[in-house]
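Asks: This is a predicted model, with the sequence first.
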Amino acid sequence: MSGLHSKHGFKVEALKPKPGGQAIQGSAIPLILPNDLKYNASTGRVEKVQGARRETLQAVPEALDLLEGIEEPVSALAICGPCRSGKSYILSRLLGTADAFELGHRMDPQTFGIWMGTKVLRGKDFTIVLLDTEGIDAAGASADQDARILVMTILMSSLLIYNSLNVPYKGDLEKMQCFIKLAKGITVKKGEKTQMSAFREFFPDFLWLLRDVSLMITDEDGVDMDPSDYLKTRVLGRKGEDEFDESTSDKVGRAILTFFSSVECATLERPSEKKEVMNNIAEHTGSLNPEFNKGVEDLIERLLLKSRAKRGYDKGSTVSGVALSIMAKQYIAAVNDPKAIPALDNTWKNTIQLMRSRAIEEVVVEYNQQMQAQVAAATKNGQIPLEDTENKGKPASQPSLMDLHNQLFKVVTDMLLEKVGHLGISSGDLGSENKTVVDEMQKRLVQREERTIDYMAADGTIKKQKGFVVTGGELFHFIQENKDLSKIFCQKLFERLFDPIRKHVESPPPDYDFQQLMGELTNARQRYSEQARGPEKWVILQEMTKNFEKLKANFEKIKGYQKKLMQEQQKAQEAELQAKEKEREVRQLYDQAQDMHKAHQETLQKMDQQHREQMEKVRQEEAERREQEEQKYRDLQNAQMEQYAAMSREFNEKSSSQMQDLMGRMQEQQADMNRQMMDLMQVIKDTPPPVVKVERGGGCSIM
């Protein structure tokens, strides 16, 4: 079976619990259970809740955790049908085994609620999750409870297999009345009556699997029929012309034909005629009917080819494992409430809000973790501070703090767009929807305020520099930490360089004179300029120089001391340090503005690319939808449901018109993003860096 999986780009993988979570026992786990049962994670078994009556459904947290580990889109393949009809065996064979899901060998059913395989089929574009459901007409379950299980199964799946024994006849539909209740159990838009055709866009594909079929399926004249044609015309189709004569079977058939986007049928021969083999076919795989085994392999290939990522409510959206977990909890709450019914639009709206909030939190955590690691590496675990802007001749081996931030800012922005990109569009304004999410995340990382400062340009004129300073966000904490590190580093550097000079001034050697003092000061100052790091280097030099003034009386005792020269150089050097600090501030305003514009431009480029991909995806989905609706129209006509065929055609035309409007809005949004990108590129190009006039002190004193 692994060859069949790999042929279609899938491989079987085990789901893993969250870090610190408990290992899951067994190859399947209950996802949803009736309230009179509970899951024991230690044993992997389901236990009865003493004194409880079956009334509601509940999610199993351990299963939801596994589901949330699937961040990519999922295709949920579910199977339902009468008890003891071999549902669990088919899912097990899909995973390449015979007993991944517990098989029932007794009259009592083995599956209650909805179970999920702990192994999945991982593909390139989506991951297939397998769901095994409690049998319709299970012991201890009422018709309403059957309907709840069916509603939950349909809402969670993208491909639904209805598994039953033998070729069905019209009268057999009487036992499937739970399908009639679907229209009353689900709504597309909260508070609005839903047209039956509207369900098809969100409901799964439907495959009726007929088991133990050995005879050819024929029409009334004995001519061989395709199983799908037989199902849609002979079983699901209407018999009478009079609408008032519509029987329960007619209603069930109409529900199945109208609710599901596609309806197909497949058959399997009986596995064996031997009782001991049929009692436990998992242990007798080698003894099974060869035609049955071949039929199973053909079925699995058909299912792999038909599988698709589960679609969300919005156009172009897909459902990830995380989203499916969130939706499941909301759907369970709705089916348990007698006064509520699951609303697809409201559930999806709540889900994407949670998904977007969760995505923001995840990328902010990722930013902090990566930033901390990279800052630690660049500073040698807090020993050497970083420049806050470009390095200006410093070793390339040590990036600036903003270099690290800008690189990570782009990485996590791309990461966020990847996380929310599959959530689709609700208004055609994909750029605006995603931009809102990106803006919220980026404000968590960095907040800026606009500032303007005056400075003397290289030509001696006074100019104004507009720009931005970082005032908040995660980056601000790293800036403050780096600033503190720079202050400590530069203070220690100053003490190390100037302490020998201090000792010479306080206790001058016999031949020590003013010229030697000036030479030592020049050398120390040069070394400080070369070795000082971080945003505080010029501020610290000014502060420490003032502390050095306490030795002024000692300077006058040095041989050849020239007071006037010392004062002139001190004044010039103070002006130089002030100019250097001003230069740093001006450059910081400019760099922050440029960084902001470049980041915005890169974000728009990524969003533009995503927008183009989304438009193409929506076009493809619309083409598929139109093709399915045309097939649905033919199916309803062939089933003698002309009224519903006409309604289907009308719904199709209305949907096509709405899609044209949506595509028009998306094209306008793309054109607007392109204009914004061009404007930003021009702003970046037309804004040269400022040049601040810095006159060198010329002398060698730090005073």
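Replies: Nice, thanks for sending it over. Just so it is clear, the structure is predicted and the values come from calculations on it, not from any experiment.
Asks: Look up phi and psi at H600.
Replies: phi -60, psi -40 (degrees, to the nearest 10).
Asks: quick thing: my sequence starts at 648, can you match it?
Replies: Got it, first residue is 648 now, which makes that one H1247.
Asks: next one: phi and psi at the spatially closest residue to it that is not a sequence neighbour?
Replies: Nearest residue to H1247, sequence neighbours excluded (C-beta to C-beta, 6 or more residues apart in numbering): L1327, at 5.9 Å. C-beta here means a position set from N, CA and C on the backbone, and glycine is covered the same way. Backbone torsions for L1327, taken as degrees, to the nearest 10, come to phi -70, psi -40.
Asks: surely L1327 meets L1251?
Replies: Yes - with contact defined as C-beta atoms under 8 Å, L1327 counts as touching L1251 (7.2 Å).
Asks: Quick check: phi and psi on H1124?
Replies: Dihedral angles (degrees, to the nearest 10) for H1124: phi -60, psi -40.
Asks: what about it, neighbour count?
Replies: 12 (other C-beta atoms under 10 Å).
Asks: what's the answer for K1204, then?
Replies: Around K1204 there are 10 residues (other C-beta under 10 Å).
Asks: what's it in contact with, if anything?
Replies: Contacts for K1204 (C-beta atoms under 8 Å, 6 or more residues apart in numbering) come out as P1155.
Asks: Let me know the secondary structure of it.
Replies: For K1204, the assignment made with DSSP: H, G, I helix; E, B strand; the rest coil gives coil.
Asks: One more: K840?
Replies: State at K840, reduced to three classes by three-state DSSP: coil.
Asks: ditto for P666
Replies: coil.
Asks: With R795 instead?
Replies: R795 - assigned by three-state DSSP - is helix.
Asks: how near is V1085 to Q1209?
Replies: Going from V1085 to Q1209 by C-beta to C-beta, to the nearest Å gives 62 Å.
Asks: go on, F1145?
Replies: Distance from F1145 to Q1209, by C-beta to C-beta: 20 Å.
Asks: any idea of the pLDDT on T765?
Replies: T765 is assigned 91 on the pLDDT scale.
Asks: between F1145 and Q1209, who's got more neighbours?
Replies: F1145 (22 against 15).
Asks: so which strand or helix has the more buried one?
Replies: F1145 belongs to helix 1121-1153 when assigned by DSSP states H and E.
Asks: So which elements touch that helix?
Replies: Where contact means 3 or more C-beta pairs under 8 Å, 6 or more residues apart in numbering; DSSP states H and E, helix 1121-1153 is packed against helix 991-1025, helix 1048-1068, helix 1077-1092, helix 1161-1178, helix 1184-1195, helix 1199-1202.
Asks: Give me the residues contacting the shortest one.
Replies: Contacts of helix 1199-1202 with the rest of the structure, by C-beta under 8 Å, 6+ apart, involve V1152, E1153, L1164, Y1208, M1213, M1350.
Asks: is it true that the second one touches Y1159?
Replies: This points to E1153. No - contact criterion C-beta under 8 Å: E1153 and Y1159 do not qualify, at 11.1 Å.
Asks: the more surrounded of the two?
Replies: Higher neighbour count among E1153 and Y1159: Y1159, with 15 against 10, using other C-beta under 10 Å.
Asks: picking that back up, mind checking the helices and strands packed on helix 1121-1153 for the one nearest to C825?
Replies: helix 991-1025 (19.0 Å; C-beta to C-beta).
Asks: What residues of that closest one count as buried?
Replies: For helix 991-1025, burial by neighbour count (16 or more other C-beta atoms under 10 Å) applies to 991-995, 998-999, 1001-1003, 1005-1007, 1009-1011, 1014-1015, 1018, 1021-1022, 1025.
Asks: And that helix, what does it pack against?
Replies: helix 968-983, helix 1048-1068, helix 1077-1092, helix 1121-1153.
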